[in-house]
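S.K.: Sequence plus predicted model, see below.
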Protein chains: 2
Amino acid sequence: MNTLTGLILLSGSSPSTTNIHYLSGFTAPDPFLYLKTQTGGILLVSPMEKGRACKQSTPGTQVFTPEDLGLKGKKIGNQVEQIRALMEKAGVRRLKVSSDFPVGLFQTLEKKGIKISVDKNPACPERKIKSAAEISKLRKSQQAAVASMKAGIALIGSAEIGPKNELYIGKEKLTSEKVRHLIHKTLIEYDCAGVETIVAGGDQGTDPHERGHGPLFAGQSIIMDIFPRSEKTGYWGDITRTVCRGPANPELKKLYNAVKAAQLAALKAVKPGICADEIHRLCQQIFEKRGFQTLEKEGRHVGFIHGTGHGVGLDIHELPRVGRSGEILEVGNIITIEPGLYYPGLGGVRIEDTVVVTKTGYSFLAACPKKFELL
Amino acid sequence: MNTLTGLILLSGSSPSTTNIHYLSGFTAPDPFLYLKTQTGGILLVSPMEKGRACKQSTPGTQVFTPEDLGLKGKKIGNQVEQIRALMEKAGVRRLKVSSDFPVGLFQTLEKKGIKISVDKNPACPERKIKSAAEISKLRKSQQAAVASMKAGIALIGSAEIGPKNELYIGKEKLTSEKVRHLIHKTLIEYDCAGVETIVAGGDQGTDPHERGHGPLFAGQSIIMDIFPRSEKTGYWGDITRTVCRGPANPELKKLYNAVKAAQLAALKAVKPGICADEIHRLCQQIFEKRGFQTLEKEGRHVGFIHGTGHGVGLDIHELPRVGRSGEILEVGNIITIEPGLYYPGLGGVRIEDTVVVTKTGYSFLAACPKKFELL
């Protein structure tokens, strides 16, 4: 990027918002602009936000309001005028935007004679490599995830088994909702928010995006997938465990052991320089070897029907992916390793840890035991 | 829209995601496509999502996977090919997108010869008018907001006042964080999630977007702004109260009474046919009459520095706005009325209720007492 070209980012749509957060340290509920040039970054915020923006933004970030840049009357709230004023302030002649920039504003800027183009490269590729400070923030969110997972597992483990195999706590049926409530309350103690947490038993767990609802039963696999976001730092954690209250039937145990073996093998393969696709293929091979096929059955895809993992940071899903995208792992990547198997009629199993890629391999952000049968 | 033109929506960026939720009833963590034609809607989801999409989507919505539409190999994951296949399936020749559509994909579609244009009108203007079913969902989220507000107020009201005016619960200092934790835990009981909840005392409350942190004190105004989202329905609630533990000084009382008077007058003005700007001007006039000016002071804007309200629905901020945009209120609008005054050194006060516009005026979604001094 030469000094005359600036990258303009608009908060409000997901990747750009977290990119601005990453670059400037600032977040706000209402949309605002950020101009990145070779010499630094400029925030354009409303007068209401200025004090907070000055306090929270990373050193070297300039903060202006439309009024500071000389805009008056109706021009104050006009994004085109705001961007024009920002460009003038920074001595920028041409703009780049990332792919997720809203097409409406892009076309308006074009029509107004501003030289603007789309840069298809990620706006912040450096986000893939986490700093020590970021790893520490991610570790805290992961510790919150582990604490709430332990609380959820303890609740299911303490449940009594009713005559029809329903789980009970005292006289009340134990439901997905109740386990989720306990998990979310535990997360709050760690200043984290859990949203869309999965507690899905039996066939519900065979749809990886089903959150789970209603009574839980003994002898079924129960998937718990918890991904808290720290309210303070914005960084995420991500963990999944699968448990079974009471003994599991031999077939379900085999399913669990296959996923556990695949996850362990995948973790062992994590190291700098490896192509992440290899890790995914390793899981596929282990499943096939153990007779767990991935195929379409009665119109549904069953088996290992998702990728092995993804990066975690200010977004819950970010680069690098661990699947079929050919990314090479580097020291400082933070990724999940989460193989799973899903067969309606039998159940779903997924085991997930979030790890940091180290010089020699990987290390867990936070440790959490793996135990299937809660007897 | 003629039968040959379809509106294509991509989930993942905020307004489009909630528009798809509104139109199709379906949500998912990963991006997916929705094509709206004159005759109905089509969802294009991954095989993993198909089962849930068929179950959750509104009657009449067609659900396909890329494979269902005949895509094979690398084309399966290619959004351009997916959109082309969707258009063919629906007999659509031209596409429209809303302003927030990502410019990168828009340009790629254009380059591939697809006739595509930006429609600057809102994709779902009908969202402004809530159905009875929606009002019922919004009411539940608002009831959660009220319950957690009452819990927060009770906690502050029960605090003892220490020698330096700090608030104590037992031997521990009462902080913004602790009040927020209680609020969030209460919301969970109602299947709602609270994020970015504001509990801001004293000068912190004079920045309307400051969440608040650290010890709370007697004699200061404490703003609590709670906006929970139902995990089940996706609809939001929104409420703000300002309280003061122990007696407030006369100037702070005047500030509170001015905001209370403005909010009451604004509520009374709510009715179908009124221009929302009038309601905003009414608040401005009341503040000016009582000597509370809005101006810039030492580089900060003080006084009444935000709009009077906004629509609430599947987005926390949606149409109609109550400010300077000239929108006319209609029966079935759900809006907040939330005037506020902010003066560093004195404090901040905001009072907010969410109401539905009725034939004769307004009604609260859920009632919550207003009491400033907790003695």
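M.R.: Yes, it's here. Numbers count the residues shown, from 1 in each chain, chains lettered A, B, ... in the order given.
S.K.: mind checking which helix or strand the residue of the stretch 101-250 of chain A found nearest chain B is in?
M.R.: Closest approach between the stretch 101-250 of chain A and chain B, counting by CB to the nearest CB: residue A:104, at 2.6 Å. Bear in mind the C-beta positions are built from the backbone N, C-alpha and C, glycine included. Secondary structure assigned from DSSP states H and E places residue A:104 in helix A:103-111.
S.K.: Which strand or helix spans residue A:23?
M.R.: Judged by DSSP H and E, residue A:23 forms part of helix A:14-24.
S.K.: On the C-terminal side of that helix, identify the next helix or strand.
M.R.: strand A:33-37.
S.K.: What count of nearby residues applies to residue A:299?
M.R.: Number of residues near residue A:299 (other CB atoms under 10 Å in any protein chain shown) recorded here: 11.
S.K.: could you measure it against residue B:51, distance?
M.R.: Residue A:299 sits at a distance of 9 Å from residue B:51 (criterion: CB to CB, to the nearest Å).
S.K.: With adjacent residues omitted, what lies nearest to the residue nearest in space to the middle of chain A?
M.R.: Residue closest to the average C-alpha location in chain A (CA atoms, centre = their mean): residue A:316, at 1.0 Å. Excluding the flanking residues, the one nearest residue A:316 by CB to CB, 6 or more residues apart in numbering or on different chains is residue A:236, at 4.6 Å.
S.K.: just checking, what packs against the helix of greatest length in chain A?
M.R.: Longest helix in chain A by number of residues (criterion: DSSP state H): helix A:132-157. In terms of contacts (3 or more CB pairs under 8 Å, 6 or more residues apart in numbering or on different chains; DSSP states H and E), helix A:132-157 is packed against helix A:176-189, strand A:192-194, strand A:222-226, strand A:228-230, strand A:239-245, strand A:334-337, strand A:353-357, strand A:373-374.
S.K.: Tell me the residues of the stretch 51-200 of chain A that contact chain B?
M.R.: Within the stretch 51-200 of chain A, the positions near chain B by CB under 8 Å from any CB of the partner chain are A:51-52, A:97-107, A:118, A:120, A:177, A:181, A:184-185, A:188-189, A:191, A:193-196.
S.K.: Pairing partners for the residue in the stretch 251-375 of chain A positioned nearest to chain B in the sheet, please.
M.R.: Residue of the stretch 251-375 of chain A nearest chain B, by CB to the nearest CB: residue A:301 (4.1 Å). As for beta bridges, residue A:301 partners with residue A:296 under DSSP bridges.
S.K.: ok, which residues in the stretch 201-350 of chain A are in contact with chain B?
M.R.: A:207-211, A:231, A:296, A:299-301, A:305-306, A:317.
S.K.: Just give me the least confident of those.
M.R.: Across those, the bottom pLDDT score, 74, is held by residue A:299.
S.K.: Name the nearest residue to it, ignoring sequence neighbours.
M.R.: In this structure, residue A:299 finds its nearest non-sequential neighbour in residue B:50, 7.6 Å apart by CB to CB, 6+ apart.
S.K.: Repeat that for residue A:117.
M.R.: That would be residue A:96: by CB to CB, 6+ apart, it lies 5.9 Å from residue A:117.
S.K.: ok, now residue A:21?
M.R.: Per CB to CB, 6+ apart, closest to residue A:21 is residue A:27, 5.0 Å.
S.K.: quick one on the thing from earlier: tell me which residues in the helix holding residue A:23 are buried?
M.R.: Buried residues in helix A:14-24, counted by 16 or more other CB atoms under 10 Å in any protein chain shown: A:14, A:15, A:16, A:17, A:18, A:19, A:20, A:21, A:22, A:23, A:24.
S.K.: how about the third one, what does it touch?
M.R.: Contacts here follow CB atoms under 8 Å, 6 or more residues apart in numbering or on different chains; on that basis residue A:16 touches A:9, A:10, A:98, A:100, A:101, A:123.
S.K.: With residue A:214 instead?
M.R.: Residue A:214 touches A:175, A:176, A:177, counting by CB under 8 Å, 6+ apart.
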